[in-house]
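1. From the sequence below, what's the structure:
(5 chains)
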Amino acid sequence: MMIGRVIGNIWATRKEDSLNGLKLMIVQRLDTVNGESLENFVAVDCVGSGIGDKVLITTGSSARKALRNPESPVDASIVGIIDEDKD
Amino acid sequence: MMIGRVIGNIWATRKEDSLNGLKLMIVQRLDTVNGESLENFVAVDCVGSGIGDKVLITTGSSARKALRNPESPVDASIVGIIDEDKD
Amino acid sequence: MMIGRVIGNIWATRKEDSLNGLKLMIVQRLDTVNGESLENFVAVDCVGSGIGDKVLITTGSSARKALRNPESPVDASIVGIIDEDKD
Amino acid sequence: MMIGRVIGNIWATRKEDSLNGLKLMIVQRLDTVNGESLENFVAVDCVGSGIGDKVLITTGSSARKALRNPESPVDASIVGIIDEDKD
Amino acid sequence: MMIGRVIGNIWATRKEDSLNGLKLMIVQRLDTVNGESLENFVAVDCVGSGIGDKVLITTGSSARKALRNPESPVDASIVGIIDEDKD
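-> Residues are numbered from 1 along each chain as shown, chains lettered A, B, ... in the order given. Down below sits the predicted model:
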């Protein structure tokens, strides 16, 4: 899993039907050691996260396991909001 | 998921049978924060996107969930056309 | 999917049984915009491609969908020969 | 699989239900040849590893095979503690 | 698939049960065109390869297809020993 910061969200009026009702967040991946910002991407929120939250993201087929509809074409999901990290 | 710009399409007369009828688009991935162009690749259009559209792309096994035939050998699908993004 | 050029093939006398009879091609990934050569890897030919052909490659679990035996340990397949591309 | 060093752990009070009870470790990937530190990420501990241990990590859908609940949204698991390596 | 050189092996006394009896090899990925050494990682040997062999490696869920127990948490398998390559 990756650690990232929620930095925005996107709207897509025209989209695959099974994506309706999902919150599409823009997430910036963070290096946990030096805090550096890495690549950004879009993930579906599954835990009520908002902009500014530090979150845990799962990718690939595992991302679908966090969705109510595991047949949605989703490859990244926010599965936790991080309290603190020790490194 | 990734954000990208549709920049072209490809034709392949000789191809695996289950790809027949699919629209194969060339997509340039975009960095959402600084707008920089990243790598490009081919994705199947599932939402009626055209050249110039800013789109949402799902990759891996999840890409097949957006297809009418989920047994097609496809690893990237365009699953939304983006209205606007806030970051 | 990726676009690449077939630049060779490999032989492996000793190999996993279900790979017998498959054509193992060396493919050089291409950047579609500037034509630059990117990383190279091995893919199974599923469409009768030969050295020099510009091809479409699917990776991951989706690569197995193009094989007669979808239980083969294959993670990259050539699924089309490209006629031309517009970008 | 990758080799890494456990360098910390994270807490997420708010998380996807099926992650409850899992130990979420921060792992720094290591280059096996020159010992260089590479990217870091979060993996679920499946073998009783602790901070400082050199571990073996499996990613993707295979990471779920090491969990008691293979339906958890997990894409990286610690599956071994390394005794020594020869290279 | 990737081409690599077997450069060592690892021992993990404490590991996930289904990894027992598997040979865990350290593999250095090779660029097929210029012979350059790329990243290294751990793969399960499925074809009797040894240190120094040039091998073919499959990754992701496809790596499990080469195992006697496809439920093992393995994401990289050596599936062939390469005789020669033409590029």
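2. need the helix or strand of chain A with the lowest average pLDDT.
-> Lowest on mean pLDDT, DSSP states H and E among the helices and strands of chain A sits strand A:84-86, with a mean of 51.
3. Which single residue in chain A comes nearest to chain C?
-> Among the residues of chain A, A:Ser61 lies closest to chain C, at 7.8 Å counting by Cβ to the nearest Cβ. C-beta coordinates here come from the backbone N, C-alpha and C atoms, glycine included.
4. ok so that residue is a strand residue?
-> No. A:Ser61: not assigned to a strand; according to DSSP: H, G, I helix; E, B strand; the rest coil it is helix.
5. show me what contacts it?
-> Shown in contact with A:Ser61 (Cβ atoms under 8 Å, 6 or more residues apart in numbering or on different chains): A:Asp75, B:Gly60, B:Ser61, B:Ser62, C:Ser61, D:Gly60, D:Ser61, E:Ser61.
6. where are the low-confidence patches of chain A?
-> The model of chain A has pLDDT under 70 over residues A:84-87.
7. how close does A:Asp83 sit to D:Arg14?
-> 9 Å (Cβ to Cβ, to the nearest Å).
8. Can you report how many residues lie near A:Asp17?
-> For A:Asp17, the neighbour count with other Cβ atoms under 10 Å in any protein chain shown is 10.
9. hmm, I was thinking of A:Arg68
-> Counted with other Cβ under 10 Å, A:Arg68 comes out at 8.
10. I figured A:Val23 was touching A:Val47, is that so?
-> No, residue A:23 isn't Val; it's Lys. No. Taking Cβ atoms under 8 Å as the definition, A:Lys23 is not a contact partner of A:Val47, at 10.2 Å.
11. Could I get the full set of strands for chain A?
-> Taking DSSP state E as the criterion, chain A contains strands spanning A:2-11, A:14-15, A:24-30, A:37-45, A:54-59, A:76-81, A:84-86.
12. Looking at these, spot the one closest to chain D.
-> Closest among those, using Cβ to the nearest Cβ: strand A:76-81, at 3.4 Å.
13. by how many degrees do that closest one and strand D:2-11 diverge?
-> 50 degrees (axes from the mean of the first three to the mean of the last three Cα atoms, to 10 degrees).
14. contacting residues for the residue lying closest to A:Glu36 once chain neighbours are set aside?
-> Excluding the flanking residues, the one nearest A:Glu36 by Cβ to Cβ, 6 or more residues apart in numbering or on different chains is A:Leu30, at 7.2 Å. Counting by Cβ under 8 Å, 6+ apart, A:Leu30 touches A:Ile3, A:Gly4, A:Arg5, A:Glu36, A:Ser37, A:Leu38, A:Lys54.
15. The second one - how many residues pack around it?
-> A:Gly4 is flanked by 26 other residues according to other Cβ under 10 Å.
16. again, but for the fifth one
-> Other residues within reach of A:Ser37, judged by other Cβ under 10 Å, total 13.
17. who does the closest residue to it other than its chain neighbours bridge with?
-> Distances taken as Cβ to Cβ, 6+ apart place A:Gln28 nearest to A:Ser37, at 5.2 Å, with adjacent residues excluded. For A:Gln28, the beta-bridge partners are A:Arg5, A:Asn40 (DSSP bridges).
18. quick revisit: which of the contacts of A:Leu30 has the most neighbours?
-> Most neighbours among those, by other Cβ under 10 Å: A:Gly4, with 26 neighbours.
19. can you count the residues close to the residue nearest to A:Ser37?
-> Neighbour tally, A:Gln28, other Cβ under 10 Å: 17.
20. Once you drop chain neighbours, what's closest to A:Asp83?
-> Closest to A:Asp83 by Cβ to Cβ, 6+ apart is D:Trp11, at 4.3 Å.
21. Quick check: the one you found touching A:Leu56?
-> No. D:Trp11 is not in contact with A:Leu56 according to Cβ under 8 Å; the separation is 10.3 Å.
22. any common contacting residues for these two?
-> In contact with both D:Trp11 and A:Leu56: A:Ile82, D:Leu24, using Cβ under 8 Å, 6+ apart.
23. follow-up on the earlier one: correct me, but the residue nearest to A:Ser37 touches A:Asn40?
-> Yes. A:Gln28 lies in contact with A:Asn40 (Cβ under 8 Å); the separation is 4.6 Å.
24. any shared contact partners between the two?
-> When Cβ under 8 Å, 6+ apart defines a contact, the residues bordering A:Gln28 and A:Asn40 alike are A:Ile7, B:Val33.
25. Any figure for the gap between the residue nearest to A:Asp83 and B:Pro70?
-> 38 Å.
26. Compare the two and say which is more crowded by neighbours.
-> B:Pro70 (16 against 12).
27. what about the residue lying closest to the more buried one once chain neighbours are set aside, how many neighbours?
-> Excluding its sequence neighbours, the residue lying closest to B:Pro70 (Cβ to Cβ, 6+ apart) is B:Arg64, at 4.5 Å. Counted with other Cβ under 10 Å, residues neighbouring B:Arg64 total 22.
28. Spit out the contact partners of B:Arg64.
-> A:Pro73, B:Pro70, B:Glu71, B:Ser72, B:Val74, B:Asp75, B:Ser77, C:Ser62, C:Lys65.
29. swap in A:Glu16?
-> A:Ser72, A:Pro73, B:Cys46, B:Val47, B:Ala66, B:Ser77, B:Val79, B:Gly80.
30. So which of the residues you listed wins on neighbours?
-> B:Val79 (31 neighbours).
31. Do I have it right that it meets B:Met2?
-> No. Judged on Cβ under 8 Å, B:Val79 makes no contact with B:Met2 at a distance of 10.6 Å.
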